[in-house]
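> curious how this folds, go ahead:
(2 chains)
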Amino acid sequence: MHRNRLRNQGLVRRAVQFSALLATNLHLSGWVDGTIYTGGSKAFFIPGLHCYSCPSSILACPLGSLQSLLAAPNFWGMLATGRPDALVVLSVIGFIAFLGFLAGRFACGWICPFGLLQDLLYRIPSPKFGFQDSLRPAKYALLFILVLALPAFLRPVAGGAGDPWFCKIVCPAGTSLAGWPLVSASPADFQLGFLFWWKSSIAILILLWAVTVERPFCRSLCPLGAAWGLMGRVSLFRMRVAESCISCGKCQNVCPMGIAIYREPGSSECIRCGKCAAICPVGAISHTVSSGEKP
Amino acid sequence: MGRQWTANPPFTSSNLVAASILPRIILPLLALLAMAAGYYFGDSRAILTKAVNICLECIGIG
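Numbers count the residues shown, from 1 in each chain, chains lettered A, B, ... in the order given. Now for the predicted structure:
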């Protein structure tokens, strides 16, 4: 019975993930002609890691936007004097914080296209391995160093623009869902150098990793997940474990993030996917907007 | 079966924050306010300009 519930819950989540993917990727012709969408909706953000240079994307990547705004020439000076092109950084910070304080990493589990891609890759038959928990803190380092500190403060030329360092040297979503399709559609338009092959190697390694380990990028490297995870500690929508829990550990076995949710219902890693609630033999785990404490 | 653990240890600082419903309602509202202020006082063309042009850094060219 619990297996059926788990399967049904999985089908619902997959339907939501694919619906979100379709709703945010309406410019499908871009994949054929190698163009990207240029409409006004791109001033708004997608709740997930999805490159705005993906041919079909109709929304902006929150991480990419944040880095590019922080990396603008004289960003801090413009912010101090209230220039509108710097003040708009509040919109992306507010967007990320709103989703994070509302539901933690919910978007990772239900909306993020790169999360869905990893879910699908993990379904490929292959030997499966556990995840090294010691890698989890890496995403916080990437968030604070490559997404925030370097774009905001590192300027190769004084007074010039910085770089979106996470996009530039790591982001596998940009490489696989934007770089590869655009370069394949019109190879003559791009001069491929070291950076392209560096980023392609990283993307290939991460995609192969996702075949054998469940959601490795989300667990260890995603800065957006790191930010949402930190906020998820105090989010309104969360998981709740009731007193009736028998600590059988089935929830941890099915958790795509490998969390012992019965020990730590407020875990910053939880993507609110609900698999734990579906598998629980005594119905002790549920989503809640209440305190998360024992009933 | 005897319990060996507590589902939610009651007196840790993080649990006290989590247990309080008020900040968990106020924080998303403040974030929503910041987002609205960003769009109202800011110039969203700064985002749009980046998003409607191919991001060379993102695709591994720049």
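> next secondary structure after the helix or strand hosting residue A:182?
Per DSSP states H and E: residue A:182 is located in helix A:180-185. Going down the chain from helix A:180-185, the next helix or strand is helix A:194-212, by DSSP H and E.
> same for the helix or strand just after that next one, what does it pack against?
Using DSSP H and E, the helix or strand that follows helix A:194-212 in sequence is helix A:216-220. For helix A:216-220, the packing partners by 3 or more Cβ pairs under 8 Å, 6 or more residues apart in numbering or on different chains; DSSP states H and E come out as helix A:113-122, helix A:138-141, helix A:194-212. For every residue, glycine as well, the C-beta is placed using N, CA and C.
> what's the closest of the ones you listed to chain B?
helix A:194-212 (3.8 Å; Cβ to the nearest Cβ).
> got the angle between the closest one and helix A:113-122?
Interaxial angle, helix A:194-212 versus helix A:113-122 (axes from the mean of the first three to the mean of the last three Cα atoms, to 10 degrees): 50 degrees.
> what's in contact with the helix holding residue A:182?
A:31-34, A:36, A:53-55, A:190, A:192, A:196, A:200, A:203, B:54, B:59 (Cβ atoms under 8 Å, 6 or more residues apart in numbering or on different chains).
> which one of those is nearest residue A:137?
Distance to residue A:137, by Cβ to Cβ, is smallest for residue A:203 among these, at 22.0 Å.
> hmm, back to that, distance between the helix holding residue A:182 and the chain's centre?
23 Å (Cα atoms, centre = their mean, to the nearest Å).
> what's the mean pLDDT across that helix?
Average pLDDT, helix A:180-185: 94.
> the bottom helix or strand of chain B by mean pLDDT?
Counting by mean pLDDT, DSSP states H and E, chain B has its least confident helix or strand at helix B:13-19, which shows a mean of 55.
> and the next helix or strand past it?
helix B:21-41.
> got the buried residues for that following helix?
B:24, B:27-28, B:31-32, B:34-35, B:38-39 (16 or more other Cβ atoms under 10 Å in any protein chain shown).
> just stretch A:223-231 next, same as before
Using 16+ other Cβ under 10 Å as the test for burial, stretch A:223-231 gives A:223-229, A:231.
> hmm, who's touching it?
A:48-49, A:62-63, A:96-97, A:99-101, A:104-108, A:112, A:139-140, A:142-143, A:146-147, A:166, A:218, A:268-269, A:271, B:27.
> repeat that for stretch A:111-121.
A:14, A:16-18, A:20-21, A:24-25, A:46-50, A:108-109, A:172-173, A:176-177, A:207, A:210-211, A:214-218, A:222, A:224, A:256, A:271.
> quick one: buried residues of it?
Buried-residue list, stretch A:111-121, by 16+ other Cβ under 10 Å: A:111-119, A:121.
> could you export those residues as TSV, including pLDDT?
Compiled in TSV, the buried residues of stretch A:111-121 are given as follows (pLDDT from 0 to 100):
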residue	pLDDT
A:111	98
A:112	98
A:113	97
A:114	98
A:115	98
A:116	98
A:117	98
A:118	98
A:119	97
A:121	98
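> which one of those residues is nearest residue A:279?
Nearest to residue A:279 among those, with distances taken as Cβ to Cβ, is residue A:119, at 16.6 Å.
> ok, the closest one to residue A:216 distance?
12 Å (Cβ to Cβ, to the nearest Å).
> cool, and residue A:284?
Distance from residue A:284 to residue A:216, by Cβ to Cβ: 29 Å.
> out of the two, which sits in the busier spot?
residue A:216 (24 against 21; other Cβ atoms under 10 Å in any protein chain shown).
> next one, pLDDT for that one please.
98.
> contact partners for it?
A:118, A:131, A:206, A:209-210.
> list only buried entries from the contacts of helix A:180-185.
The neighbour count (16+ other Cβ under 10 Å) marks A:31, A:34, A:36, A:53-55, A:190, A:196, A:200, A:203, B:54, B:59 as buried among those.
> out of the contacts of stretch A:111-121, which end up buried?
A:17, A:20-21, A:24-25, A:46-50, A:108-109, A:172-173, A:176-177, A:207, A:210-211, A:214-218, A:222, A:224, A:256, A:271.
> need the helices for the stretch 1-150 of chain A, in chain order.
A:2-23, A:30-33, A:62-70, A:75-80, A:84-87, A:89-103, A:106-110, A:113-122, A:138-141, A:150-153 (DSSP state H, counting those that start in this stretch).
> buried stuff in the fifth one?
Within helix A:84-87, the residues that qualify as buried by neighbour count (16+ other Cβ under 10 Å) are A:85-87.
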